[in-house]
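Student: here is my input; please provide its structure:
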Amino acid sequence: MSIYRLWVVDHIRELRPIQGTIARRLTGWLDPIAKKANFSAGECVFPQYIVNPGVGEMLIHVCPFGTSVVQKMPGAVKPNPTASHLGMTQQAGGVTGAEVYKKTSDAEGIASIIFHEAMHNKLQLGDAGLHGRFTPCELSCASITWPTSPTSDESDAMAAALRNPVAQWLNGQRILRSAGMRKRKNDPLWDSEIVL
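Tutor: Okay, here's the model as predicted:
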């Protein structure tokens with residue numbers, strides 16, 4: 001059996017001080033779900049390089065609040081982030097792009113938003129399809145209050161879908177990697193490709 005991985009791409013290093021805490025929380029939720037789907041384990045990984053996820057694995061991008069890399073995906077709609085909008089997942093051209101916006105430094109909150117976007121990603125549901133689908137809801141709700149964890153129904157739905165091949169949009173990694181390198185060199189236009 002193989003390990004199922006949720007790749008969280010943080011090339012701008014928005015979450016660097018709390019990546020370990022977030023990864024442990026997400027792994028704690030994902031591992032039993034992956035085992036239910038007949039994987040040997042499930043884990044969250046913050047790669048420091050460009051990755052090519054395995055069949056069915058998910059990739060979530062991390063962006064500073066007020067920016068979006070998924071808007072660069074061909075056919076994607078430019079997001080309009082508001083104070084309550086902390087992530088976005090879009091399907092266009094046969095691929096899925098997902099991102100979360102770093103608006104809080106709370107590791108539990110960020111892990112919750114990442115899992116929420118992973119549900120949009122893996123279940124291939126927009127807001128109307130996911131929000132309110134499960135009663136009770138925790139991580140699939142339109143508004144998430146943390147600390148929390150997936151409900152039994154949310155976990156079962158993810159386990160049933162985990163092996164479904166959902167093509168992930170991979171080009172955002174290069175865009176974020178370039179922006180991150182430019183930011184670390186103090187380039188005042190480091191976010192010019194992703195700013196909203």
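Student: tell me the contacts of residue 22?
Tutor: For residue 22, the contacting residues are 8, 15, 44, 46, 107, 110-111, 114, by C-beta atoms under 8 Å, 6 or more residues apart in numbering. All C-beta spots, glycine's among them, are computed from the backbone N, C-alpha and C.
Student: from residue 69, how far off is the residue sitting nearest the centre point of the chain?
Tutor: Nearest to the mean C-alpha position of the chain, counting by C-alpha atoms, centre = their mean, stands residue 60 at 3.1 Å. Using C-beta to C-beta, to the nearest Å, residue 60 is found at 11 Å from residue 69.
Student: identify the contacts common to these two.
Tutor: residue 99.
Student: what are the ranges of the strands in this protein?
Tutor: Assigned by DSSP state E, the strands in the chain fall at 3-9, 41-45, 58-64, 87-92, 95-102.
Student: now the fourth one: how far from the chain's centre is it?
Tutor: If I follow you right, that is strand 87-92. Relative to its parent chain, strand 87-92 has a centroid offset of 10 Å by C-alpha atoms, centre = their mean, to the nearest Å.
Student: what's next to that strand, contact-wise?
Tutor: For strand 87-92, contacts defined as C-beta under 8 Å, 6+ apart pick out 68, 70, 73-77, 79, 81, 96-101, 113-114, 116-117, 120-121, 124.
Student: with the shortest one instead?
Tutor: If you take C-beta under 8 Å, 6+ apart as the criterion, strand 41-45 is touched by 3-8, 22-23, 26-27, 30-35, 114.
Student: buried among the residues you listed? Need that as a selection in ChimeraX.
Tutor: With 16 or more other C-beta atoms under 10 Å as the criterion, this ChimeraX line picks the buried residues out of the contacts of strand 41-45:
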select :4,5,6,7,8,22,23,26,27,30,31,33,34,114
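Student: helices of the protein, residue ranges please.
Tutor: Here the chain has its helices, by DSSP state H, at 19-36, 107-123, 127-130, 152-161, 172-184.
Student: rewinding a little: okay if I get the strands of the chain as TSV plus distance to residue 144 and mean pLDDT?
Tutor: TSV is the format used below for the strands of the chain (distance: least, C-beta to C-beta, whole Å; pLDDT from 0 to 100):
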stretch	distance to residue 144	mean pLDDT
strand 3-9	17	98
strand 41-45	17	98
strand 58-64	15	97
strand 87-92	10	94
strand 95-102	12	96
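Student: mind putting the ones you listed into a markdown table with distance to residue 145?
Tutor: Listed next are the strands of the chain as a markdown table, based on distance: least, C-beta to C-beta, whole Å:
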| stretch | distance to residue 145 |
| --- | --- |
| strand 3-9 | 22 |
| strand 41-45 | 21 |
| strand 58-64 | 21 |
| strand 87-92 | 15 |
| strand 95-102 | 17 |
